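how does the following fold in three dimensions:
(chains A, B, C and D)
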There are 2 protein chains.
Amino acid sequence: MTQTAHPLPGTGDMLCFALYSANHAMTRLYRPLLQPLGLTYPQYLVLVALWAEDEKRVGALGAELGLDTNTLTPLLKRMAEAGLVTRSRSAEDERVVTVKLTDRGRSMQAEAERITGCVFAATGLSVAELSDLRDRINRLTEELEQHV
Amino acid sequence: MTQTAHPLPGTGDMLCFALYSANHAMTRLYRPLLQPLGLTYPQYLVLVALWAEDEKRVGALGAELGLDTNTLTPLLKRMAEAGLVTRSRSAEDERVVTVKLTDRGRSMQAEAERITGCVFAATGLSVAELSDLRDRINRLTEELEQHV
DNA sequence: GCTATCTGTATCGCACACGATATAAACGCT
DNA sequence: AGCGTTTATATCGTGTGCGATACAGATAGC
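So this is what the prediction gives:
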């Protein structure tokens, strides 16, 4: 019933470090899988977001990925240069930039399905375990975001 | 019993994105707590590692935090400039650089205990729930690191 | 119609994170 | 002793990630 008794936590006991390390491990797992496609991990996340629903404005992508335009604008410019997406200003509202998949960007979804399978296998989890862990982590994220 | 049926996953269904977002949420929670101390989140992790055991070589810190010297060297130089640690070459092996807490760096541990409490409260979890989630995530990390 | 404000995106500077490369010290083998 | 290899750290370039700021277009209020 004591609240906390952590004399010398060390990184190993910290939830935040567990998340930090797991995120690093995940990006390191994805890196060699994405490299043949010329994609970085955040760029891959942008594609995933656009595969689910194409033609999103920069702000909507940022809200979904938790990134601001200071990160997204240069990232999207690189993806546009690579021929994965197009960036076009809206006609009715000149402030808005709409991001749209190119044929090349859309065609990468097939290859990505294979990557998803590799990653799933590497987790060593069942579908149920993976879903449960993901949901717990997502609930934690929601809780943390309320205390900013 | 079907293995996978994910027609349009989207970021919301992905474990990797859950980790990505949770890690971001955690760093955003820590940021305002660490800012008064002039610390970034990775710098804070270095201090935690040194509080648990002082006088570590650069390579040992890197192994613990999962970072290479290309990240650690400039980070430790900034921490040395800020008066948190010292970097000294070993006498018996000139290749080795030992990182050691200064009095100032050591004295920050007290303040950090307060931060740990804030973060724990923000998770909305019990100690048991937190430990369980942390262990699950750590097991996932171990599993992922075997498939690099 | 004019201005103040808000909104959406872009820019700048700094701090990670990492692949690739460099460099010096230590070690091993003959 | 000499020399190739390994080891520990450092450097460089690119790509996020974010606080602060800038700016143009849209909106509201008068």
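
quick one, what contacts the residue nearest the centre of chain A?
By CA atoms, centre = their mean, chain A has its centre lying nearest to residue A:45, at 4.0 Å. Applying CB atoms under 8 Å, 6 or more residues apart in numbering or on different chains to residue A:45 gives the contacts A:65, B:11, B:17, B:20. Where you see a C-beta, it was placed from the backbone N, CA and C, and this is true even at glycine.

secondary structure, neighbour count and distance to DNA strand C for those residues - can I get that in TSV?
Formatted as TSV, these follow (DSSP: H, G, I helix; E, B strand; the rest coil; neighbours: other CB atoms under 10 Å in any protein chain shown; distance: CB to the nearest atom of the strand, whole Å):
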residue	secondary structure	neighbour count	distance to DNA strand C
A:65	helix	21	13
B:11	helix	19	18
B:17	helix	23	17
B:20	helix	24	12
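
nearest to residue B:104, of those residues?
Nearest to residue B:104 among these, counting by CB to CB, is residue B:20 at 33.8 Å.

how close does that closest one sit to DNA strand D?
Distance, residue B:20 to DNA strand D, using CB to the nearest atom of the strand, to the nearest Å: 7 Å.

quick one on the thing from earlier: need the contacts of residue A:45 in CSV with pLDDT, can you?
Shown next, in CSV, are those (pLDDT from 0 to 100):
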residue, pLDDT
A:65, 97
B:11, 86
B:17, 97
B:20, 98
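
quick one: name whatever helix or strand follows the host helix or strand of residue A:104.
Here residue A:104, judged by DSSP states H and E, is contained in helix A:103-123. Counting by DSSP H and E, the next helix or strand C-terminal to helix A:103-123 is helix A:127-145.

count the neighbours of residue A:26 for me.
Residue A:26: 25 surrounding residues under other CB atoms under 10 Å in any protein chain shown.

ok, and the closest non-adjacent residue to it?
In this structure, residue A:26 finds its nearest non-sequential neighbour in residue B:16, 4.7 Å apart by CB to CB, 6 or more residues apart in numbering or on different chains.

doesn't the one you found belong to a strand?
No: under the criterion used here (DSSP: H, G, I helix; E, B strand; the rest coil), residue B:16 is helix, not part of a strand.

just to check, it is in contact with residue A:30?
Yes: counting by CB atoms under 8 Å, residue B:16 does reach residue A:30; the two are 7.0 Å apart.
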